[in-house]
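Q: How does the following fold in three dimensions:
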Amino acid sequence: MMQGVSAMDIETKEFYDRIYSIAMMIPKGRVASYGQLAMMAGAAGGARLAGRAMRDAPAELDIPYHRVVNSNGGIAPDHVFNGKQRQRAMLEAEGVVFRQNGRIDMKIYRWNP
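A: Model prediction:
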């Protein structure tokens with residue numbers, strides 16, 4: 001007997017697809033927070049789910065995942081990019097400047113579509 005796909009699975013896939021579409025629009029030199037992506041996808045307060053979506057993103061989509069940061073401008077934990085320096089280097093190559101505390105000034109670099 002085959003198991004069906006639950007409504008939750010469909011809703012999650014649709015949410016993930018919305019997150020991916022929005023993340024693809026973040027321009028070079030700008031960043032968005034996980035919470036911002038969730039809000040734009042219609043799920044205010046869904047920052048963690050947006051983070052899971054980014055974690056689970058298929059590589060073939062070529063999403064600029066390095067442009068997604070936490071709400072206070074912090075970059076991903078070491079294990080996400082095989083070291084924080086990789087994400088930082090990718091952002092710096094696009095013109096993003098980090099503060100002395102290692103965070104991005106979201107007032108300057110937050111993407112405002």
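Q: how about the strands in this protein?
A: With strands called from DSSP state E, the chain shows them at 32-33, 68-69.
Q: I'd like to know which of these lies nearest to residue 13.
A: Between residue 13 and the strands of the chain, the tightest spacing by CB to CB is seen for strand 68-69, at 19.0 Å. For the C-beta atoms, the positions are set from N, CA and C on the backbone; glycine is no exception.
Q: and the closest one, which strands flank it?
A: strand 32-33 (parallel) (DSSP bridges).
Q: how about the helices in this structure?
A: Listed from the start of the chain, the chain has helices (DSSP state H) covering 7-24, 34-40, 47-55, 84-93, 106-109.
Q: State the distance from the most centrally placed residue in the chain to residue 100.
A: Here the mean C-alpha position of the chain is nearest to the C-alpha of residue 68 (CA atoms, centre = their mean), at a distance of 3.4 Å. The gap separating residue 68 from residue 100 is 22 Å, by CB to CB, to the nearest Å.
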